[in-house]
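S.K.: this is a predicted model, with the sequence first.
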Amino acid sequence: MTTTPPDVIRCAYAELVVSDLKASREFYVDVLGLVVTYEDDEAIYLRAFEEYLHHSLILRKGAEPALAVLAYRVRGEGELAVAEAYYRELGVEVRRVPAGTTRGIGEAVRVLDPLGFPIEFFYEAEHVERFTQRYDVHGAGALSRLDHFNVNTPDVPAARAYYEGLGFRVSEDIRDDEGTVYAAWMFRKPTVHDVALTGGAGPRLHHIAFATHERHQILHICDHLGAVRKSDQIERGPGRHGVSNAFYLYVRDPDGHRIEIYTHDYYTGDPDNPVISWDVHDNQRRDWWGNPVVPSWYTEASRVLDLDGKLQPVVERTETKEMDVTIGADGFSYTRADGADQGFKLGEQV
Ligand SMILES: O=S(=O)(O)c1ccc(O)c(O)c1
Ligand SMILES: [Ca+2]
Ligand SMILES: [Fe+2]
(Lines give C-alpha, C1' and ligand atoms only; values in the text may rest on other atoms or scores of the structure.)
(Ligands and ions follow the chains in the order given, each with its own letter.)
Protein backbone atom coordinates (compact mmCIF):
# COMPACT_ATOMS: atom_id res chain seq x y z
CA MET A 1 0.00 0.00 0.00
CA THR A 2 1.35 3.42 -0.90
CA THR A 3 -1.47 5.52 0.54
CA THR A 4 -1.82 6.11 4.27
CA PRO A 5 -4.87 4.67 6.03
CA PRO A 6 -7.65 6.85 7.47
CA ASP A 7 -7.05 7.84 11.11
CA VAL A 8 -9.69 5.74 12.89
CA ILE A 9 -10.55 6.84 16.45
CA ARG A 10 -12.89 3.96 17.44
CA CYS A 11 -15.84 1.76 16.56
CA ALA A 12 -18.83 4.11 16.54
CA TYR A 13 -22.11 2.57 15.37
CA ALA A 14 -23.74 -0.44 13.76
CA GLU A 15 -26.93 -0.79 11.75
CA LEU A 16 -28.86 -4.04 12.15
CA VAL A 17 -31.82 -5.13 10.03
CA VAL A 18 -34.54 -6.54 12.28
CA SER A 19 -37.80 -8.22 11.28
CA ASP A 20 -40.05 -6.73 13.96
CA LEU A 21 -39.32 -3.21 15.25
CA LYS A 22 -41.75 -3.55 18.16
CA ALA A 23 -40.18 -6.80 19.42
CA SER A 24 -36.69 -5.35 18.97
CA ARG A 25 -37.67 -2.17 20.80
CA GLU A 26 -38.83 -4.28 23.76
CA PHE A 27 -35.40 -5.95 23.83
CA TYR A 28 -33.06 -3.00 23.23
CA VAL A 29 -35.04 -0.30 25.05
CA ASP A 30 -37.25 -2.01 27.66
CA VAL A 31 -34.67 -4.65 28.70
CA LEU A 32 -31.21 -3.30 27.73
CA GLY A 33 -32.27 0.27 28.50
CA LEU A 34 -30.76 1.98 25.45
CA VAL A 35 -31.95 5.56 24.89
CA VAL A 36 -34.11 6.29 21.81
CA THR A 37 -32.68 9.32 20.02
CA TYR A 38 -35.22 9.10 17.18
CA GLU A 39 -37.69 6.52 15.87
CA ASP A 40 -40.21 6.15 13.08
CA ASP A 41 -41.98 3.25 11.35
CA GLU A 42 -38.79 2.26 9.53
CA ALA A 43 -36.02 2.58 12.10
CA ILE A 44 -35.03 3.23 15.70
CA TYR A 45 -31.83 5.19 16.51
CA LEU A 46 -30.36 4.22 19.89
CA ARG A 47 -27.53 5.36 22.11
CA ALA A 48 -26.06 4.37 25.47
CA PHE A 49 -25.98 6.75 28.40
CA GLU A 50 -22.47 8.20 27.99
CA GLU A 51 -22.83 8.76 24.24
CA TYR A 52 -23.49 12.22 22.82
CA LEU A 53 -23.41 11.37 19.09
CA HIS A 54 -26.84 10.77 17.58
CA HIS A 55 -26.65 6.96 17.86
CA SER A 56 -24.42 3.94 18.26
CA LEU A 57 -27.02 1.45 17.07
CA ILE A 58 -29.68 1.63 14.35
CA LEU A 59 -32.42 -0.98 14.11
CA ARG A 60 -33.92 -0.91 10.62
CA LYS A 61 -37.04 -2.86 9.73
CA GLY A 62 -36.46 -5.44 7.00
CA ALA A 63 -37.39 -8.95 5.93
CA GLU A 64 -33.89 -10.44 6.25
CA PRO A 65 -32.20 -9.95 9.63
CA ALA A 66 -28.58 -8.97 8.88
CA LEU A 67 -25.82 -6.47 9.54
CA ALA A 68 -26.18 -3.44 7.27
CA VAL A 69 -23.10 -1.45 8.36
CA LEU A 70 -20.27 -1.25 10.89
CA ALA A 71 -19.14 2.35 11.26
CA TYR A 72 -15.85 3.72 12.57
CA ARG A 73 -15.39 7.37 13.53
CA VAL A 74 -12.32 9.05 12.03
CA ARG A 75 -10.43 12.00 13.51
CA GLY A 76 -11.72 14.65 11.13
CA GLU A 77 -13.62 15.38 7.92
CA GLY A 78 -10.32 15.33 5.99
CA GLU A 79 -9.93 11.61 6.73
CA LEU A 80 -12.82 10.81 4.37
CA ALA A 81 -10.67 11.56 1.29
CA VAL A 82 -7.87 9.51 2.86
CA ALA A 83 -10.27 6.59 3.34
CA GLU A 84 -11.51 6.91 -0.23
CA ALA A 85 -7.97 6.80 -1.65
CA TYR A 86 -6.88 3.98 0.67
CA TYR A 87 -9.76 1.68 -0.28
CA ARG A 88 -9.60 2.56 -3.97
CA GLU A 89 -5.99 1.38 -3.85
CA LEU A 90 -7.19 -1.79 -2.12
CA GLY A 91 -9.39 -2.25 -5.19
CA VAL A 92 -12.68 -2.64 -3.35
CA GLU A 93 -16.03 -0.90 -3.84
CA VAL A 94 -15.95 2.65 -2.45
CA ARG A 95 -18.85 5.11 -2.19
CA ARG A 96 -19.12 8.70 -0.95
CA VAL A 97 -22.31 9.04 1.08
CA PRO A 98 -23.81 12.55 1.40
CA ALA A 99 -24.55 14.02 4.83
CA GLY A 100 -27.93 12.90 6.16
CA THR A 101 -28.04 9.65 4.21
CA THR A 102 -27.97 8.18 7.69
CA ARG A 103 -29.99 10.35 10.10
CA GLY A 104 -27.61 12.13 12.49
CA ILE A 105 -24.47 11.32 10.48
CA GLY A 106 -22.59 13.72 8.18
CA GLU A 107 -20.78 12.94 4.95
CA ALA A 108 -19.28 9.46 4.99
CA VAL A 109 -17.32 6.94 2.96
CA ARG A 110 -18.72 3.44 2.67
CA VAL A 111 -16.71 0.46 1.46
CA LEU A 112 -17.15 -3.25 1.07
CA ASP A 113 -13.90 -4.12 2.82
CA PRO A 114 -11.50 -6.94 1.80
CA LEU A 115 -13.17 -9.24 4.37
CA GLY A 116 -16.58 -8.62 2.77
CA PHE A 117 -18.00 -6.31 5.46
CA PRO A 118 -19.99 -3.10 4.80
CA ILE A 119 -17.85 -0.51 6.59
CA GLU A 120 -18.46 3.22 6.99
CA PHE A 121 -16.03 5.99 7.96
CA PHE A 122 -17.47 9.27 9.20
CA TYR A 123 -16.60 12.26 11.39
CA GLU A 124 -19.47 14.77 11.43
CA ALA A 125 -22.44 13.68 13.55
CA GLU A 126 -25.28 15.42 15.34
CA HIS A 127 -24.72 15.94 19.07
CA VAL A 128 -27.57 15.03 21.41
CA GLU A 129 -27.96 15.13 25.20
CA ARG A 130 -25.33 13.05 27.03
CA PHE A 131 -27.03 11.18 29.87
CA THR A 132 -23.81 10.44 31.82
CA GLN A 133 -25.26 11.76 35.07
CA ARG A 134 -28.94 11.51 34.31
CA TYR A 135 -29.25 8.89 37.03
CA ASP A 136 -32.94 9.73 37.09
CA VAL A 137 -33.32 7.88 33.77
CA HIS A 138 -30.58 5.23 34.09
CA GLY A 139 -32.09 1.81 34.77
CA ALA A 140 -30.37 -0.67 37.07
CA GLY A 141 -28.76 -2.21 33.97
CA ALA A 142 -27.54 1.06 32.43
CA LEU A 143 -25.23 0.64 29.42
CA SER A 144 -22.54 3.31 29.17
CA ARG A 145 -21.23 3.05 25.58
CA LEU A 146 -20.62 0.90 22.52
CA ASP A 147 -17.38 -1.00 23.11
CA HIS A 148 -16.61 -3.30 20.15
CA PHE A 149 -17.60 -5.29 17.10
CA ASN A 150 -16.78 -9.00 16.81
CA VAL A 151 -16.74 -10.44 13.29
CA ASN A 152 -16.48 -13.99 11.92
CA THR A 153 -13.95 -14.30 9.13
CA PRO A 154 -12.36 -17.50 7.80
CA ASP A 155 -8.71 -16.39 7.73
CA VAL A 156 -7.72 -14.61 10.95
CA PRO A 157 -4.08 -13.82 9.99
CA ALA A 158 -5.26 -12.21 6.73
CA ALA A 159 -7.89 -10.21 8.60
CA ARG A 160 -5.32 -9.19 11.19
CA ALA A 161 -2.97 -7.94 8.45
CA TYR A 162 -5.82 -5.92 6.89
CA TYR A 163 -6.67 -4.27 10.22
CA GLU A 164 -2.98 -3.68 11.03
CA GLY A 165 -2.84 -1.85 7.69
CA LEU A 166 -5.58 0.40 9.12
CA GLY A 167 -3.39 1.13 12.14
CA PHE A 168 -5.13 -1.23 14.56
CA ARG A 169 -2.91 -3.11 17.03
CA VAL A 170 -3.37 -6.59 18.48
CA SER A 171 -3.99 -6.81 22.24
CA GLU A 172 -4.62 -10.57 22.58
CA ASP A 173 -4.98 -13.65 20.40
CA ILE A 174 -5.74 -17.37 20.62
CA ARG A 175 -3.48 -19.78 18.77
CA ASP A 176 -2.19 -23.36 18.93
CA ASP A 177 1.33 -24.74 18.90
CA GLU A 178 1.11 -25.49 15.17
CA GLY A 179 0.66 -21.75 14.58
CA THR A 180 -3.04 -21.79 13.71
CA VAL A 181 -4.67 -18.53 14.87
CA TYR A 182 -8.25 -18.87 16.05
CA ALA A 183 -9.04 -15.30 17.11
CA ALA A 184 -7.48 -11.87 17.56
CA TRP A 185 -8.52 -8.71 19.37
CA MET A 186 -7.56 -5.37 17.80
CA PHE A 187 -7.85 -1.77 18.94
CA ARG A 188 -7.59 1.90 18.04
CA LYS A 189 -9.11 3.32 21.25
CA PRO A 190 -6.90 2.38 24.28
CA THR A 191 -8.96 -0.64 25.40
CA VAL A 192 -8.69 -4.33 24.49
CA HIS A 193 -10.54 -4.01 21.21
CA ASP A 194 -12.67 -2.08 18.77
CA VAL A 195 -12.93 -5.16 16.62
CA ALA A 196 -12.38 -8.85 17.33
CA LEU A 197 -11.64 -11.33 14.53
CA THR A 198 -13.17 -14.73 15.28
CA GLY A 199 -12.15 -17.58 12.98
CA GLY A 200 -15.22 -18.95 11.29
CA ALA A 201 -17.37 -18.82 8.19
CA GLY A 202 -17.63 -15.22 7.12
CA PRO A 203 -18.26 -12.44 6.50
CA ARG A 204 -20.70 -12.71 9.44
CA LEU A 205 -21.28 -10.48 12.46
CA HIS A 206 -20.59 -12.43 15.65
CA HIS A 207 -21.64 -9.72 18.08
CA ILE A 208 -21.82 -6.08 19.01
CA ALA A 209 -20.77 -5.21 22.58
CA PHE A 210 -21.86 -2.45 24.91
CA ALA A 211 -19.93 -1.59 28.07
CA THR A 212 -21.34 -1.00 31.52
CA HIS A 213 -19.46 0.53 34.44
CA GLU A 214 -20.37 -2.11 36.95
CA ARG A 215 -20.77 -5.88 37.08
CA HIS A 216 -24.02 -5.49 38.98
CA GLN A 217 -25.58 -3.84 35.92
CA ILE A 218 -24.90 -7.03 33.97
CA LEU A 219 -26.41 -9.10 36.76
CA HIS A 220 -29.49 -6.85 36.74
CA ILE A 221 -30.00 -7.49 33.01
CA CYS A 222 -30.00 -11.23 33.77
CA ASP A 223 -32.54 -10.74 36.56
CA HIS A 224 -34.68 -8.52 34.32
CA LEU A 225 -34.74 -11.17 31.56
CA GLY A 226 -35.80 -13.71 34.18
CA ALA A 227 -38.56 -11.42 35.42
CA VAL A 228 -40.04 -11.00 31.93
CA ARG A 229 -39.63 -14.78 31.32
CA LYS A 230 -37.13 -14.13 28.50
CA SER A 231 -34.22 -16.02 30.13
CA ASP A 232 -33.92 -17.97 26.85
CA GLN A 233 -32.38 -14.77 25.42
CA ILE A 234 -29.38 -15.34 27.69
CA GLU A 235 -26.93 -17.34 25.57
CA ARG A 236 -23.63 -17.37 27.49
CA GLY A 237 -22.54 -16.06 30.89
CA PRO A 238 -22.57 -14.07 33.04
CA GLY A 239 -18.92 -14.80 33.58
CA ARG A 240 -15.36 -13.50 33.55
CA HIS A 241 -13.45 -13.69 30.26
CA GLY A 242 -9.88 -14.92 30.19
CA VAL A 243 -9.09 -12.86 27.10
CA SER A 244 -9.70 -9.17 27.97
CA ASN A 245 -10.43 -9.96 31.65
CA ALA A 246 -13.89 -8.46 31.11
CA PHE A 247 -16.99 -9.53 33.02
CA TYR A 248 -19.47 -10.51 30.33
CA LEU A 249 -22.92 -11.62 29.27
CA TYR A 250 -24.16 -12.61 25.80
CA VAL A 251 -27.79 -12.17 24.91
CA ARG A 252 -29.61 -12.87 21.63
CA ASP A 253 -32.10 -10.36 20.31
CA PRO A 254 -35.48 -11.41 18.80
CA ASP A 255 -33.81 -11.99 15.40
CA GLY A 256 -30.86 -13.86 16.91
CA HIS A 257 -28.38 -10.98 16.61
CA ARG A 258 -25.87 -11.43 19.46
CA ILE A 259 -25.24 -8.58 21.87
CA GLU A 260 -22.53 -8.68 24.53
CA ILE A 261 -22.65 -6.64 27.72
CA TYR A 262 -19.11 -6.19 28.95
CA THR A 263 -17.21 -4.41 31.70
CA HIS A 264 -13.77 -4.19 33.30
CA ASP A 265 -11.34 -4.77 30.46
CA TYR A 266 -8.00 -2.95 30.66
CA TYR A 267 -6.00 0.01 29.27
CA THR A 268 -3.86 -0.75 26.17
CA GLY A 269 -2.75 2.76 25.13
CA ASP A 270 1.04 2.67 25.58
CA PRO A 271 3.16 1.86 22.49
CA ASP A 272 4.71 -1.17 24.22
CA ASN A 273 1.44 -2.66 25.44
CA PRO A 274 2.30 -6.39 25.81
CA VAL A 275 0.36 -8.76 23.51
CA ILE A 276 -1.21 -11.73 25.33
CA SER A 277 -1.33 -15.00 23.39
CA TRP A 278 -3.55 -17.83 24.67
CA ASP A 279 -3.22 -21.54 23.93
CA VAL A 280 -6.44 -22.67 22.28
CA HIS A 281 -6.53 -25.64 24.73
CA ASP A 282 -6.36 -23.39 27.78
CA ASN A 283 -9.77 -23.86 29.31
CA GLN A 284 -9.66 -20.47 31.01
CA ARG A 285 -9.09 -18.46 27.80
CA ARG A 286 -12.76 -17.74 27.05
CA ASP A 287 -14.12 -18.11 30.58
CA TRP A 288 -11.68 -17.51 33.42
CA TRP A 289 -13.74 -19.74 35.69
CA GLY A 290 -13.64 -22.62 33.17
CA ASN A 291 -17.38 -22.51 32.42
CA PRO A 292 -18.29 -24.06 29.04
CA VAL A 293 -18.63 -22.07 25.82
CA VAL A 294 -22.05 -23.08 24.50
CA PRO A 295 -21.77 -24.51 20.95
CA SER A 296 -24.18 -21.90 19.52
CA TRP A 297 -21.63 -19.23 20.47
CA TYR A 298 -19.18 -20.89 18.07
CA THR A 299 -21.61 -21.71 15.28
CA GLU A 300 -24.27 -18.98 15.06
CA ALA A 301 -23.77 -15.43 13.73
CA SER A 302 -25.58 -12.78 11.67
CA ARG A 303 -25.29 -12.54 7.88
CA VAL A 304 -24.03 -9.25 6.42
CA LEU A 305 -25.31 -7.12 3.52
CA ASP A 306 -23.34 -5.56 0.68
CA LEU A 307 -23.55 -1.84 -0.10
CA ASP A 308 -26.79 -2.41 -2.03
CA GLY A 309 -28.44 -4.30 0.81
CA LYS A 310 -27.99 -7.77 -0.70
CA LEU A 311 -26.90 -10.71 1.49
CA GLN A 312 -23.20 -11.47 1.17
CA PRO A 313 -22.21 -15.09 0.47
CA VAL A 314 -20.36 -16.81 3.32
CA VAL A 315 -16.94 -18.44 2.87
CA GLU A 316 -16.21 -21.44 5.11
CA ARG A 317 -13.09 -21.50 7.32
CA THR A 318 -10.56 -24.04 5.98
CA GLU A 319 -8.25 -24.16 9.02
CA THR A 320 -9.15 -26.16 12.12
CA LYS A 321 -12.08 -24.77 14.10
CA GLU A 322 -11.76 -23.86 17.77
CA MET A 323 -14.91 -25.81 18.62
CA ASP A 324 -13.48 -28.96 17.02
CA VAL A 325 -10.19 -28.81 18.92
CA THR A 326 -11.65 -27.89 22.31
CA ILE A 327 -14.93 -29.83 22.51
CA GLY A 328 -16.35 -32.96 20.92
CA ALA A 329 -14.57 -36.25 20.33
CA ASP A 330 -11.21 -34.72 19.38
CA GLY A 331 -11.46 -31.76 21.66
CA PHE A 332 -9.78 -31.23 24.98
CA SER A 333 -8.97 -28.37 27.30
CA TYR A 334 -6.75 -28.24 30.32
CA THR A 335 -6.91 -26.09 33.44
CA ARG A 336 -3.22 -26.61 34.28
CA ALA A 337 -0.75 -26.75 31.38
CA ASP A 338 1.65 -29.32 32.87
CA GLY A 339 2.17 -31.73 35.72
CA ALA A 340 0.38 -34.96 36.58
CA ASP A 341 -3.10 -33.57 36.97
CA GLN A 342 -3.83 -31.08 34.18
CA GLY A 343 -7.46 -30.77 35.04
CA PHE A 344 -8.61 -32.02 31.67
CA LYS A 345 -12.21 -31.35 30.82
CA LEU A 346 -13.77 -33.95 28.55
CA GLY A 347 -15.10 -32.64 25.24
CA GLU A 348 -18.73 -32.56 26.19
CA GLN A 349 -17.97 -30.52 29.29
CA VAL A 350 -16.24 -27.60 27.56
O1 LIG B 1 -14.40 -15.41 25.14
S2 LIG B 1 -13.21 -14.55 25.19
O3 LIG B 1 -12.62 -14.46 26.53
O4 LIG B 1 -12.22 -14.98 24.21
C5 LIG B 1 -13.73 -12.95 24.75
C6 LIG B 1 -13.01 -11.85 25.16
C7 LIG B 1 -13.47 -10.57 24.86
C8 LIG B 1 -14.65 -10.42 24.12
O9 LIG B 1 -15.15 -9.20 23.78
C10 LIG B 1 -15.34 -11.55 23.69
O11 LIG B 1 -16.48 -11.34 22.98
C12 LIG B 1 -14.88 -12.82 24.00
CA1 LIG C 1 -17.72 -3.03 39.91
FE1 LIG D 1 -16.93 -9.34 22.72
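M.R.: The structure has been received and is ready for your questions. Ligands and ions are numbered 1, 2, ... in the order given.
S.K.: write out the residues of the stretch 151-300 of the chain neighbouring ligand 1.
M.R.: Residues of the stretch 151-300 of the chain lying close to ligand 1 by Cβ under 6 Å from any ligand atom are A196, A209, H241, G242, V243, S244, A246, E260, Y262, R285, R286. C-betas here are computed from N, CA, C, even on glycine.
S.K.: biggest separation within those residues, which pair?
M.R.: Maximum pairwise distance in those, criterion Cβ to Cβ, is 17.5 Å, between A209 and R285.
S.K.: ligand 3 contacts on this structure?
M.R.: Residues of the chain found near ligand 3 (Cβ under 5 Å from the ion) are N150, A209, E260.
S.K.: could you redo the last one with a cut-off of 8 Å?
M.R.: 147-148, 150, 193, 196, 206-207, 209, 241, 244, 246, 248, 260, 262 (Cβ under 8 Å from the ion).
S.K.: show me the two of those residues that sit farthest apart.
M.R.: H206 and A246 (15.3 Å).
S.K.: give me the contacts around stretch 111-119.
M.R.: Contact with stretch 111-119 is made by 67-72, 83, 87, 90, 92-95, 110, 120-121, 151, 153, 159, 162, 202-203, 304-307, 312, 315, as judged by Cβ atoms under 8 Å, 6 or more residues apart in numbering.
S.K.: where exactly do the strands run in the stretch 1-150 of the chain?
M.R.: Secondary structure of the stretch 1-150 of the chain (DSSP state E, counting those that start in this stretch): strands at 8-18, 35-39, 43-47, 57-61, 66-74, 94-97, 108-112, 118-122, 145-153.
S.K.: which ones are touching the closest residue to ligand 2 within the stretch 201-350 of the chain?
M.R.: In the stretch 201-350 of the chain, no residue comes nearer to ligand 2 than E214, which is 4.2 Å away by Cβ to the ion. Listed by Cβ under 8 Å, 6+ apart, the contact set of E214 reads T263.
S.K.: return the distance of it relative to ligand 3.
M.R.: Counting by Cβ to the ion, to the nearest Å, the separation of E214 from ligand 3 is 18 Å.
S.K.: ditto for R73
M.R.: 19 Å.
S.K.: report the beta-bridge partners for that residue.
M.R.: R10, F122 (DSSP bridges).
S.K.: pretty sure it is in contact with D7, am I right?
M.R.: No. Using Cβ atoms under 8 Å, R73 and D7 do not qualify as a contacting pair, with a distance of 10.0 Å.
S.K.: hmm, back to that, secondary structure and neighbour count for the residues of the stretch 151-300 of the chain next to ligand 1 - can I get that in JSON lines?
M.R.: Shown next, in JSON lines, are these (DSSP: H, G, I helix; E, B strand; the rest coil; neighbours: other Cβ atoms under 10 Å):
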{"residue": "A196", "secondary structure": "strand", "neighbour count": "25"}
{"residue": "A209", "secondary structure": "strand", "neighbour count": "26"}
{"residue": "H241", "secondary structure": "coil", "neighbour count": "22"}
{"residue": "G242", "secondary structure": "coil", "neighbour count": "20"}
{"residue": "V243", "secondary structure": "helix", "neighbour count": "25"}
{"residue": "S244", "secondary structure": "helix", "neighbour count": "25"}
{"residue": "A246", "secondary structure": "coil", "neighbour count": "26"}
{"residue": "E260", "secondary structure": "strand", "neighbour count": "24"}
{"residue": "Y262", "secondary structure": "strand", "neighbour count": "25"}
{"residue": "R285", "secondary structure": "coil", "neighbour count": "23"}
{"residue": "R286", "secondary structure": "coil", "neighbour count": "26"}
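S.K.: got the contact list for the closest residue to G309 other than its chain neighbours?
M.R.: Spatial nearest neighbour of G309, chain neighbours left out: A68 (7.0 Å); criterion: Cβ to Cβ, 6 or more residues apart in numbering. A68 sits next to E15, L16, V17, I58, R60, P118, L305, G309 when contact means Cβ under 8 Å, 6+ apart.
S.K.: doesn't W297 lie inside a helix?
M.R.: Yes. According to DSSP: H, G, I helix; E, B strand; the rest coil, W297 belongs to a helix.
S.K.: neighbours of the closest residue to it other than its chain neighbours, just the number please.
M.R.: Distances taken as Cβ to Cβ, 6+ apart put R236 closest to W297, at 5.1 Å, once the chain neighbours are dropped. Neighbourhood size, R236 [other Cβ atoms under 10 Å]: 20.
S.K.: just the pLDDT at R236, thanks.
M.R.: In this model, R236 is scored at 97, pLDDT.
S.K.: what of G331?
M.R.: 78.
S.K.: cool, and I327?
M.R.: For I327, the model assigns a pLDDT of 70.
S.K.: what of A337?
M.R.: Taken from the predicted model, the pLDDT recorded for A337 is 88.
S.K.: how about the residues of the chain next to ligand 3 in JSON lines, adding distance to ligand 2 and pLDDT?
M.R.: Listed next are the residues of the chain next to ligand 3 as JSON lines, based on distance: Cβ to the ion, whole Å; pLDDT from 0 to 100:
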{"residue": "D147", "distance to ligand 2": "16", "pLDDT": "98"}
{"residue": "H148", "distance to ligand 2": "19", "pLDDT": "99"}
{"residue": "N150", "distance to ligand 2": "23", "pLDDT": "99"}
{"residue": "H193", "distance to ligand 2": "20", "pLDDT": "98"}
{"residue": "A196", "distance to ligand 2": "23", "pLDDT": "99"}
{"residue": "H206", "distance to ligand 2": "26", "pLDDT": "99"}
{"residue": "H207", "distance to ligand 2": "22", "pLDDT": "99"}
{"residue": "A209", "distance to ligand 2": "17", "pLDDT": "99"}
{"residue": "H241", "distance to ligand 2": "15", "pLDDT": "98"}
{"residue": "S244", "distance to ligand 2": "16", "pLDDT": "98"}
{"residue": "A246", "distance to ligand 2": "12", "pLDDT": "98"}
{"residue": "Y248", "distance to ligand 2": "13", "pLDDT": "98"}
{"residue": "E260", "distance to ligand 2": "17", "pLDDT": "98"}
{"residue": "Y262", "distance to ligand 2": "13", "pLDDT": "98"}
